[in-house]
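Chemist: only geometry, no sequence info:
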């Protein structure tokens, strides 16, 4: 009898660890479960990304034309001189006719450099004083400051022409974003379609991600063009390294995390 009581006492902590605060059983997270690869799952992994890629190829020319129309619509309200032109960019084995503003980014003036040094110093101080729960934000601000310091030093002491113009930056940014747009379906297939989710949820995530990027990419390029034109080429390195294609990766991670929170039955 005493041995049975001892066995029950030993099992109680283990059983309690499997229960939630309301008494329900805590099920293992889907990421900890073994993945059973079925024929239908293989179809999802291969067919769905191919469907999205085919849709992108079909819609590519109308999409680029729509972006060009958007640039022409926003150019005058943003005060950007010139017009909107098209530049052919090769991303082997494809050629993309990407639109861009013809406005020219100017070399930073002495005032731009002084303001830039003050802002960079402010970022360093603010990042240093952020502690505790705000420490990640502090690290991020100091990383931004480090990149901007390199730009400040180069434009302060260099007399050579800057290698990148506003036109080159816009066309390169659009080309890089297009590459990410085409990679996104394959990436979604590898990290989300592998799970046993309903088919409509997989299609919904892929469609939402594609539509979001199709709207986000041209607006990102417009914002870059306006900031560089107004604030000089001094802002180009920071925009390119931190607030460029990296933001599209953040969008991908955010939408993926949201989709992983959907319940298996489809309710959120």
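Modeler: Happy to help now that I have it. Because the structure is predicted, anything quoted here is derived from the model rather than measured.

Chemist: so where is the stretch 151-268 of the chain shaky, pLDDT-wise?
Modeler: Residue ranges of the stretch 151-268 of the chain with pLDDT under 70: 263-268.

Chemist: give me that answer again for 90
Modeler: 156-168, 171-172, 175-176, 178-203, 206, 251, 256-257, 259-268 (pLDDT under 90).

Chemist: Which parts of it are helices?
Modeler: Under the criterion DSSP state H, counting those that start in this stretch, the stretch 151-268 of the chain contains helices at 166-191, 199-231, 236-241, 245-260.

Chemist: of these, which approaches residue 136 most closely?
Modeler: Across the helices of the stretch 151-268 of the chain, the minimum distance to residue 136, taken as Cβ to Cβ, is reached by helix 245-260, at 13.9 Å. C-betas here are computed from N, CA, C, even on glycine.

Chemist: Excluding chain neighbours, what is closest to residue 229?
Modeler: Nearest non-adjacent residue to residue 229, counting by Cβ to Cβ, 6 or more residues apart in numbering: residue 103, 5.2 Å away.

Chemist: In three-state terms, how would the one you found be classified?
Modeler: Under DSSP: H, G, I helix; E, B strand; the rest coil, residue 103 falls in the coil class.

Chemist: ok, now which ones touch it?
Modeler: 80, 81, 82, 166, 225, 229 (Cβ atoms under 8 Å, 6 or more residues apart in numbering).

Chemist: Can you tell me how far it is from residue 82?
Modeler: Distance, residue 103 to residue 82, by Cβ to Cβ, to the nearest Å: 5 Å.

Chemist: Likewise for residue 226?
Modeler: 13 Å.

Chemist: When these two are compared, which one has more neighbours?
Modeler: Using other Cβ atoms under 10 Å, the more surrounded residue of residue 226 and residue 82 is residue 226, with 17 against 12.

Chemist: The more buried one contacts residue 78, doesn't it?
Modeler: Yes: taking contacts as Cβ atoms under 8 Å, residue 226 lies within contact range of residue 78: 5.1 Å.
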